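Trainee: structure for this input, please:
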Amino acid sequence: MTAVEVLGQTTAAGPVRVASPAPREVWRRLAREDPATLVTQTPAWLDAICAAAPYEDASRLYSFAGGRRLLVPLVRGRGLPGRLLAEESWPSRWGIGGPLAPAGTPDAEEALVVWRDLARRPALRTGLRLGPEADPVWASTAPPDFAAETLTTYVLDLSGGFDTVWERRFHGRARRDVRRGERSSVEVEVDRQGRLVPEFYGLYEKSMLRWAEQQHEPRALARLRRSRTFPRRYLEAVADRFGTSCAVYLARVGGEPAAGAVVVSYGRHAKYWRGAMDRGLAHPVRANFLLQRLAIEDACAEGRTAYVMGDSRPGSSLAHFKEGFGAEGLPSLRHRRERLPLTEADRLLRTAAKRLLRFRDA
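Mentor: Here you go, the predicted model:
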């Protein structure tokens with residue numbers, strides 16, 4: 001049930017009203033009006049979060065005098081402890097959230113209203129993750145008590161269509177690896193009904209064990225950690241809510257699953273969400289490169305103008321892989337306000353555990 005309140009702060013034009021949770025019909029309209037909207041800023045993405053994890057809708061719709069509106073997607077934990085712990089857009093494993101606004105909004109005064117309202121929320125941690133296309137006004141007006149962390153999000157420009165992307169943006173090494181995959185005995189299937197989710201997740205579990213070996217991590221701990229950060233129900237929830245806009249690409253070698261990719265799309269953007277492989281089968285035939293080529297070509301055919309490949313550390317092997325397709329690393333900001341140093345405490349605990357295990361970050 002949506003509750004409406006009038007904020008104590010006002011703008012020069014008059015009072016500001018906030019509705020929470022945000023009415024879905026308004027959210028969908030604002031998502032259509034904001035050209036920078038990512039799939040992860042849609043109400044369907046929030047629904048998937050809440051279906052797969054112990055969160056509830058805490059989104060906030062700001063209505064300004066004169067009719068202008070801004071919307072901040074938010075979730076908080078279910079139940080009393082969860083509600084008091086954090087309100088975030090989004091929790092880190094769920095990608096980029098951040099405000100939605102029609103073209104030409106917000107101005108600095110409106111952005112400040114949002115920041116100040118979020119600052120007075122009762123949660124111990126309030127977080128806002130901005131995408132690389134977010135209006136600069138959000139970063140420029142962020143209060144100093146919202147600590148900023150800069151991440152790098154890799155985005156491939158699809159303007160000009162696939163022929164242009166292939167010829168001008170793919171690096172030569174990526175084109176060679178794609179051609180090698182095309183010449184190999186790789187069979188590719190694309191599913192938009194969730195049928196291939198079990199096979200993809202089986203590959204993901206194999207990838208999990210490979211990552212554990214690379215990082216000197218005990219297998220049991222790797223299974224526990226990965227099953228918490230990306231359990232199968234997360235993938236099922238997204239596939240169920242996005243339907244044909246969630247594509248699972250699966251490459252087989254000799255009839256065995258070798259590599260997989262999950263791409264979720266909305267508006268101008270396609271998002272490469274997850275990838276997995278059986279390295280022994282996939283690497284010799286460059287199955288991952290072939291899947292990316294097909295997913296990018298499909299995104300171009302659907303009229304998408306950007307292929308978002310997610311966050312990576314510059315200089316890492318994953319960043320190198322993404323750059324091979326012409327993706328550019330763009331800065332994107334995560335802002336957090338904490339009443340207690342929760343993030344720092346978590347970092348210290350993780351660092352201590354890694355030292356104990358002689359953990360090596362891949």
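
Trainee: the stretch 1-150 of the chain: helices as residue ranges?
Mentor: For the stretch 1-150 of the chain, applying DSSP state H, counting those that start in this stretch gives helices covering 24-33, 43-52, 79-85, 108-119, 136-141.

Trainee: what's in contact with the shortest one?
Mentor: It stands for helix 136-141. Here helix 136-141 makes contact (Cβ atoms under 8 Å, 6 or more residues apart in numbering) with 98-99, 106-108, 111-112, 115, 128, 130, 148, 333. For the C-beta atoms, the positions are set from N, CA and C on the backbone; glycine is no exception.

Trainee: returning to what we had before: residue 301 is nearest to which of the helices of the stretch 1-150 of the chain?
Mentor: Of all the helices of the stretch 1-150 of the chain, helix 24-33 sits nearest to residue 301, with 21.3 Å by Cβ to Cβ.

Trainee: now, of the contacts of helix 136-141, which are buried?
Mentor: 98-99, 106, 111-112, 115, 128, 130, 333 (16 or more other Cβ atoms under 10 Å).

Trainee: is residue 109 in contact with residue 9, as I believe?
Mentor: No: here residue 109 does not reach residue 9: they are 10.0 Å apart, not a contact under Cβ atoms under 8 Å.

Trainee: rewinding a little: how about the helices of the stretch 1-150 of the chain in a markdown table, adding distance to residue 236 and mean pLDDT?
Mentor: Below are those laid out as a markdown table (distance: least, Cβ to Cβ, whole Å; pLDDT from 0 to 100):
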| stretch | distance to residue 236 | mean pLDDT |
| --- | --- | --- |
| helix 24-33 | 22 | 96 |
| helix 43-52 | 8 | 96 |
| helix 79-85 | 22 | 83 |
| helix 108-119 | 31 | 96 |
| helix 136-141 | 33 | 96 |
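
Trainee: ok, the residue nearest in space to the middle of the chain to residue 228 distance?
Mentor: For the chain, the residue sitting closest to the mean C-alpha position, by Cα atoms, centre = their mean, is residue 95 at 2.7 Å. Counting by Cβ to Cβ, to the nearest Å, the gap from residue 95 to residue 228 is 17 Å.

Trainee: for residue 270, find the nearest of the helices of the stretch 1-150 of the chain.
Mentor: Closest approach to residue 270 among the helices of the stretch 1-150 of the chain is made by helix 43-52 (14.1 Å; Cβ to Cβ).

Trainee: buried stuff in the closest one?
Mentor: 43-49, 52.

Trainee: ok, so of those, who is nearest residue 63?
Mentor: Out of the buried residues of helix 43-52, the member with the shortest distance to residue 63 (by Cβ to Cβ) is residue 43, at 17.7 Å.

Trainee: pretty sure the closest one contacts residue 27?
Mentor: Yes: counting by Cβ under 8 Å, residue 27 is a contact partner of residue 43 at 5.0 Å.

Trainee: now for those two: what residues contact both?
Mentor: Common neighbours of residue 43 and residue 27 (Cβ under 8 Å, 6+ apart) are residue 73.

Trainee: low-confidence ranges in the chain?
Mentor: By pLDDT under 70, the weakly predicted segments of the chain are 211-227, 342, 345-362.

Trainee: packing partners of the helix ranked longest in it?
Mentor: Using DSSP state H to define each element, the chain has its longest helix at helix 197-214. When contacts are defined as 3 or more Cβ pairs under 8 Å, 6 or more residues apart in numbering; DSSP states H and E, helix 197-214 sits against helix 219-229, helix 232-242, strand 246-253, strand 256-266, strand 269-277.

Trainee: next, the buried residues of it.
Mentor: Using 16+ other Cβ under 10 Å as the test for burial, helix 197-214 gives 197, 199-201, 203-204, 206-208, 210, 212.

Trainee: I am finished for the moment; much appreciated.
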